[in-house]
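Asks: Structure for the following, please:
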Amino acid sequence: MNNQNKSKKIFLLYTLISIGFLIFLSVMLLTVLKSRHLPSLYTEESSKAQRGSIISADGFHIATTKKLYKAVVNTHYIDPQKMELFVELFSIYSGISLKEIKKRLGKRKGVVVLSYNIPEKRAQYLKKLAFELRRYKVFVERKNPRTGQSTLHGLSIIESGESREYPYGDLLTPIIGYPHKLEDDGYTYIKGVKGLEKRFEEALAARQNEISQGKRDVNGYIILNKESFSKPYINGLNIKLNIPVGLQKRVEKMLDSMKGELEANQIICAIMNSKNGKVITMASSNRFMPKNIQKSDYPSLNSAMTEYSFEPGSVIKTITFAILLDKGLVNPYDLVNGHNGRFQIGRKIITDEHKYDWLSAENVIVHSSNVGIAQLAQKLSGLEFYDGLKSFGFGQSSTPDLMYEKEGSVPSSTRLSNEIYKATCSYGYGMQANLMQLIRAYSAFNNNGRIITPKIVSNFIDARGNNIPIENGEQVQVIKSSTANRIKKILIKTVNEGTGTKTKTDGLIIGGKTGTAHKVEKGQYVNKYNTAFLGFANDQESKYTIGVIVIEPKSSQFAAQTAVPVYKKIIDIMVEEGYLKPNIVK
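Replies: All right, here's what the predicted structure looks like:
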């Protein structure tokens, strides 16, 4: 009986142990098979590459990108006993006031964005702070009542976007242009809309974002070792300009002053190296702040240097005369009847401001005679005149570094066969041109008969600091060297004896031509004018082609009293800045 009871007890014990073991195995199997929310052993970190900068010839960043970060915290994970410590440390590291931080934390519980606009340098400090706060257990683990899982969320510093910065305000606008902000998966990035920002969007745009993958440590940070993977960021290319900040700023300031003095709507000018096409200044009196564009700025957003097309007036007389001279159709010493300042061609009466009986062909340019050039132009056939104007670059794009150029217009060869159209076009009416087209055309007279393409951008700079050169535009021989040199002497004579005398500067070789033209509005000439002075300024080593356009001056309709004084001030600034060195024997 005792043996039987003993056997039953052993069997019962064995059965219980077996059942227990089966339960254990079942639980283990269920644990293995059941999907669980375990933290991954691996993590991934990424960082956005940045847009390239626009850099002046003298090394200043005039358009650059600042990366922005946002700071996010979940209040449920902050230890209540250490909340004050968190607030004080975050304030010190972020530069945000205690009052502002407490205000943000007090508005809601849970996920709170403490700032959207943290600069990159502060963001690096805050990332270090986030690590230290975890280490000192300012954040505590919380169990999710639904999943039963414990998690810990600390302070997160997340890339939120980029901001385009213009340290020199409205300098060089609207040549630089401006960007728009776009959103992509919560990240704000910049894309060019106008000016150089738009034209060189592909070069400026970020190339490759940084990505790092590998095992993580207990704090969630990546462990960099031979098993991890990294791909570095590659920023967009920097763009180096031929325009220096110092010269540009001084010219802009002068134009601002002259705009008020001449009561003009706008004054624009450009200075180009006649030897290589490098544009060292493109300035306008009408500018804007790229980061704070107002409705009143809208008319100034377009670059008037290439996007404002107008009837150029008497500055075209030089081009007409050069075509005639190059074809051997006129001799500078030929006599031309001035008709006492009044001459009729067909139904058109052409007048001069000053009355002349007879004058030499070259003095038609020196004294800017409409009557004289209208008669000389009749020696050209319509096709010869048309081809001549086109060869000088009119009716074509002039400046590849800028977009949306208004190329203007040249009358057809058929229309130019008409004696009236031939006459009026000879002194700059009936055609359209922009400032940079005129600059390029006039470069022929300071470059042995070759026109040269204006070049604003010097080169690109890659992430390693290597210069990537940009080829110079092709120089095109449009007139013979002998013709160009003769025109050059005539333009110098115009400054010494004619309409440009106020630009004379001792020790420098100055030449140029004035121009005044009625404005056309709604197909009708109105009592408004644009005035111009196109020419060159040279010393013993340097040669520059310079152009000035004064749009609707109210103080005077004459270029000699408006565009010429501006031109003279530009030369004075160039001398003071060392770009021109007068040869004065003391």
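
Asks: Which strand residues bridge residue 74?
Replies: residue 111 (DSSP bridges).

Asks: Could you report the neighbour count for it?
Replies: Neighbour count for residue 74, taken as other Cβ atoms under 10 Å: 18. C-betas here are computed from N, CA, C, even on glycine.

Asks: now it: how far from residue 161?
Replies: Distance of residue 74 to residue 161, given as Cβ to Cβ, to the nearest Å: 22 Å.

Asks: Residue 445 touches residue 492, doesn't it?
Replies: No - Residue 445 sits out of contact with residue 492 when judged by Cβ atoms under 8 Å, with a separation of 10.0 Å.

Asks: Please identify which of those two sits among more neighbours.
Replies: residue 445 (30 against 20).

Asks: That one: what's it in contact with?
Replies: Contacts for residue 445 (Cβ atoms under 8 Å, 6 or more residues apart in numbering) come out as 318, 322, 484, 487, 488, 491, 511, 536.

Asks: May I have the predicted confidence score for the closest residue to residue 483 other than its chain neighbours?
Replies: For residue 483, ignoring the flanking residues on the chain, the nearest one in space by Cβ to Cβ, 6 or more residues apart in numbering is residue 326 at 4.4 Å. Residue 326 carries a pLDDT value of 98.

Asks: go on, residue 462?
Replies: pLDDT for residue 462: 93.

Asks: Quick check: it touching residue 240?
Replies: No - applying Cβ under 8 Å, one finds residue 462 not in contact with residue 240, separated by 11.4 Å.

Asks: what about these two, which has more around it?
Replies: A side-by-side neighbour count of residue 462 and residue 240, using other Cβ under 10 Å, places residue 240 first with 20 against 15.

Asks: How about that one, nearest residue that isn't a chain neighbour?
Replies: Distance criterion Cβ to Cβ, 6+ apart; nearest residue to residue 240, sequence neighbours excluded, is residue 458 at 4.7 Å.

Asks: was I right about that neighbour contacting residue 276?
Replies: No - between residue 458 and residue 276 there is no contact under Cβ under 8 Å: 10.2 Å.

Asks: The two: which is more packed in?
Replies: Neighbours were counted for residue 458 and for residue 276 using other Cβ under 10 Å; residue 458 has more, 19 against 14.

Asks: before we move on, the earlier item: in helices only, show me the contacts of residue 445.
Replies: Of the positions in the contacts of residue 445, 318, 322, 484, 487, 488, 491 sit in helices, assigned by DSSP state H.

Asks: so which of these comes closest to residue 402?
Replies: Using Cβ to Cβ, residue 318 comes nearest to residue 402 of the ones in helices among the contacts of residue 445, at 24.5 Å.

Asks: Run a quick neighbour tally on residue 459.
Replies: Residue 459 is flanked by 16 other residues according to other Cβ under 10 Å.

Asks: Identify the contacts common to residue 445 and residue 492.
Replies: Here residue 445 and residue 492 share the contacting residues residue 511, scored by Cβ under 8 Å, 6+ apart.

Asks: The stretch 1-150 of the chain: helices as residue ranges?
Replies: With DSSP state H, counting those that start in this stretch as the criterion, the stretch 1-150 of the chain has helices at 2-33, 83-94, 98-107, 120-135.

Asks: Out of the helices and strands in this protein, which is least certain?
Replies: When each helix and strand of the chain is scored by mean pLDDT, DSSP states H and E, strand 42-47 comes last, with a mean of 63.

Asks: first to last residue in stretch 90-99, what's the distance?
Replies: Terminal residues of stretch 90-99 are spaced 12 Å apart (Cα to Cα, to the nearest Å).

Asks: And for stretch 273-292?
Replies: 33 Å.

Asks: Let me know the pLDDT of residue 146.
Replies: At residue 146, the model reports a pLDDT of 75.

Asks: returning to that earlier point: by contact count, what packs against the helix or strand the residue nearest to residue 240 falls within?
Replies: Element membership of residue 458, judged by DSSP states H and E, is strand 457-461. Judged by 3 or more Cβ pairs under 8 Å, 6 or more residues apart in numbering; DSSP states H and E, strand 457-461 is in contact with strand 238-241, strand 467-469.

Asks: Just name the most buried of these.
Replies: Of the helices and strands packed on strand 457-461, the one with the most neighbours on average (mean count of other Cβ atoms under 10 Å) is strand 238-241, at a mean of 24.

Asks: so how far is the helix or strand just after that strand from its chain's centroid?
Replies: Following strand 238-241 in sequence order, the next helix or strand is helix 245-262 (DSSP H and E). On the basis of Cα atoms, centre = their mean, to the nearest Å, helix 245-262 sits 19 Å off its chain's mean C-alpha point.

Asks: likewise stretch 466-483?
Replies: Going by Cα atoms, centre = their mean, where stretch 466-483 is centred and where its chain is centred differ by 23 Å.

Asks: Contacts made by it with the rest, please.
Replies: With Cβ under 8 Å, 6+ apart, stretch 466-483 has contacts from 237, 240, 276-277, 322-323, 325-326, 391-392, 400, 444, 447-455, 457-462, 487.

Asks: How much space separates residue 86 from residue 143?
Replies: Counting by Cβ to Cβ, the gap from residue 86 to residue 143 is 21 Å.

Asks: okay, these two: which has more neighbours?
Replies: Shown here are residue 86 and residue 143; by other Cβ under 10 Å, residue 86 has more neighbours (20 against 10).

Asks: roughly how far apart are the more buried one and residue 116?
Replies: Residue 86 is 19 Å from residue 116, by Cβ to Cβ.

Asks: coming back round to it: of the contacts of residue 445, which pair is most distant in space?
Replies: Maximum distance among the contacts of residue 445 (Cβ to Cβ): 14.0 Å, for 322 and 536.
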